[in-house]
Every structure is written in structure tokens, then in C-alpha cells.
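Visitor: Predicted model follows, preceded by the sequence.
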Amino acid sequence: MGPQLSFCRPSAQGDSKWFNIRIANPSFYSSRVMFSKKHNMFRIPGSGGQLIASWDLCKDIKHTPKFQELRYHFLPEPTEAEREVMDTCLTTEHLVESQSTGETFLVRCFRQTVYGKALLETKGVMVFRVSPKGNAVYTQDIGDLTIFISKAEPFCVRASSFPGVRPNHVYMLDVMEIAFFKLADSFITTLTERMMAPYFFPPQNIEY
């Protein structure tokens, strides 16, 4: 949050150190950070989903960001009613990287204030495949993948590897909401419930 990206490099020798990177472009002040294992970079989508900023922490000692402009393709044409709802929504962007397929997705979530209450409800989700050249292609089919978005870093898994997880879905978790979005028909199931720990964490390899 704000004009700074901070990270720590742990060290077994006890000389762990914090690094602070100043961010000049205000488009990234409130964006979600993700770490790309594919590119070995921190990546942040800009507000509005027009830019992606990346930091190469190994090769660039000055930590100069690289910017990628996105070009959207095959956007669906919303109805007048859908457009009116979307115009009143708070929009957030999330970058997600699939470790199993090597694909990168940009997820745009549209959330609206519930009348008379200080909480937000998900009204729509759009998923785009992002190519290395910056083409963001709208899709309603991510195959066997399921995307998880919460207060933690977004991630996705193969649904067939985890019983009970629905493929071609986006799972969302917030302080006062649990939502399930089915990409094939854009159907949303939402539950209003207070979550003390609104975090999804990716599966971990644990050795005993």
C-alpha cells in the first residue's frame, strides 16, 4: 500500500536485510503484488488494468521498473443493465500465474456497496489470458484450473488434483464475503459471513 514496495531477503548467515523500492507512478499505490516464479520478478497490475509493472531484483541493482501496456481483445458487450451496475462498482485487478500451465491471467473483480451496509458484494468477474507481448484475451474457459483470490497473494491450481474444488471457477474470500464465480456462464454464488482470517494459501510441499 502506498508508494513503496518492501521485501526481505532471508539469510541463513543471520544478515537478512529489508529492501525498499520507491514507486513513482500512483497507478500502483493500491495494487496487489504478486511474485512471478516464471520471470523471477515482482509484478503489479496498475489501477484500471492498463499497465503491468515488473521489478527484476537479481539483475537490476537500481530496481528500475519495466512497464508493459495491455491490449484487450474479445471484450464482451454488456447489456444496459449490466453496464449500469458496473458503473457503480469498485474495480480491482489481480495477476495470477499458473505453475502447471505457465499461463498468466489478469482477473478484474467488480464489487458494489450493499445498500445500507458498509460492505461490498461481488457483482461480476472478468478473466483475461495475458500473453508475453501484452495481449489480454477475454476468456470464459481456463480448463481444469481454479483461481483463488483473497487478502493473500492470488494463485491457481489444477482442480482435478484437489477433491471438492470446482474447475473453471474463481474463488474469492474477503472480510465479509465468500464468493464463487463460474466462468462458463458468469454465475456468481455469494455468502455474507464474517471471516476472521480472509486468506487463501496455495498448497505447500511439507516434508515430515
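Guide: Everything's here; your move.
Visitor: and the closest residue to Tyr199 other than its chain neighbours, what does it touch?
Guide: In this structure, Tyr199 finds its nearest non-sequential neighbour in Ala152, 4.3 Å apart by Cβ to Cβ, 6 or more residues apart in numbering. The C-beta positions use only the backbone N, C-alpha and C, and glycine is treated the same way. Each residue near Ala152 by Cβ atoms under 8 Å, 6 or more residues apart in numbering is listed here: Tyr199, Phe200, Phe201.
Visitor: can you list those in CSV and add secondary structure?
Guide: Converted to CSV, the contacts of Ala152 look like this (DSSP: H, G, I helix; E, B strand; the rest coil):
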residue, secondary structure
Tyr199, coil
Phe200, coil
Phe201, coil
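Visitor: Now the buried members of these.
Guide: Among these, those classed as buried by 16 or more other Cβ atoms under 10 Å are Phe200.
Visitor: just the contacts of Ala152 now: which is nearest Ile52?
Guide: The nearest member of these to Ile52, counting by Cβ to Cβ, is Phe200 at 22.0 Å.
Visitor: and which of the contacts of Ala152 is nearest Arg83?
Guide: Using Cβ to Cβ, the contacts of Ala152 come closest to Arg83 at Phe200, 30.4 Å.
Visitor: wait, that closest one sits on Phe148?
Guide: Yes - contact criterion Cβ atoms under 8 Å: Phe200 and Phe148 qualify, at 4.1 Å.
Visitor: shared neighbours, the two?
Guide: Counting by Cβ under 8 Å, 6+ apart, the residues touching both Phe200 and Phe148 are Phe155, Tyr171, Leu173.
Visitor: which one of those residues sits closest to Lys117?
Guide: Nearest to Lys117 among the shared contacts of Phe200 and Phe148, with distances taken as Cβ to Cβ, is Leu173, at 18.4 Å.
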